[in-house]
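# show me how the following folds:
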Amino acid sequence: MTQKKQTYREAMQEIEEILSSIENEEPDVDELAEKVKKVSQLLKYCKDKLYKTQEEVEKVLKDMDE
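Sure thing, here's the model as predicted:
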């Protein structure tokens with residue numbers, strides 16, 4: 001089964017949901033560690049997506065100047 005690639009917006013929403021669950025619940029240590037790990041992965045994905053988008057926008061703007 002092929003999994004749909006997550007969008008930036010979906011990743012941010014998932015981060016918010018995880019952080020909210022951490023704040024509103026008292027997860028055990030193992031569950032907390034997994035949630036923190038997942039948020040870390042999602043943040044890395046979002047950061048990479050932002051850098052790639054910035055590079056694409058800068059390229060388009062540079063091409064427009066030529």
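
# which ones are touching L32?
I22 (Cβ atoms under 8 Å, 6 or more residues apart in numbering). C-beta: built from backbone N, CA, C; applies to glycine.

# mind showing which ranges of this protein have poor pLDDT?
Counting by pLDDT under 70, the ranges of the chain that qualify are 1-4.

# for it, which segments count as helices?
8-24, 29-65 (DSSP state H).

# pick the most buried one from these.
Among those, helix 8-24 has the highest mean neighbour count (mean count of other Cβ atoms under 10 Å), at a mean of 13.

# please enumerate residues in contact with that helix?
Under Cβ under 8 Å, 6+ apart, the answer for helix 8-24 is Q6, P27, L32, K35, K38, V39, L42, L43, Y45, C46, K49, L50.

# okay, the angle between that helix and helix 29-65?
150 degrees (axes from the mean of the first three to the mean of the last three Cα atoms, to 10 degrees).

# roughly how far apart are the residue sitting furthest away from the middle of the chain and E10?
Distance from the C-alpha centroid of the chain, by Cα atoms, centre = their mean, peaks at E66 (33.9 Å). To E10, E66 is 35 Å away according to Cβ to Cβ, to the nearest Å.

# same thing with C46?
According to Cβ to Cβ, C46 stands 10 Å off from E10.

# do the same with L50
With Cβ to Cβ as the criterion, L50 and E10 are 15 Å apart.

# same check, this time on D48
According to Cβ to Cβ, D48 and E10 sit 15 Å apart.

# before we move on, the earlier item: any idea how far the residue farthest from the centre of the chain lies from V60?
For E66, the distance to V60 - Cβ to Cβ - is 11 Å.

# S40 too?
Relative to V60, and taking Cβ to Cβ, S40 is found at 31 Å.
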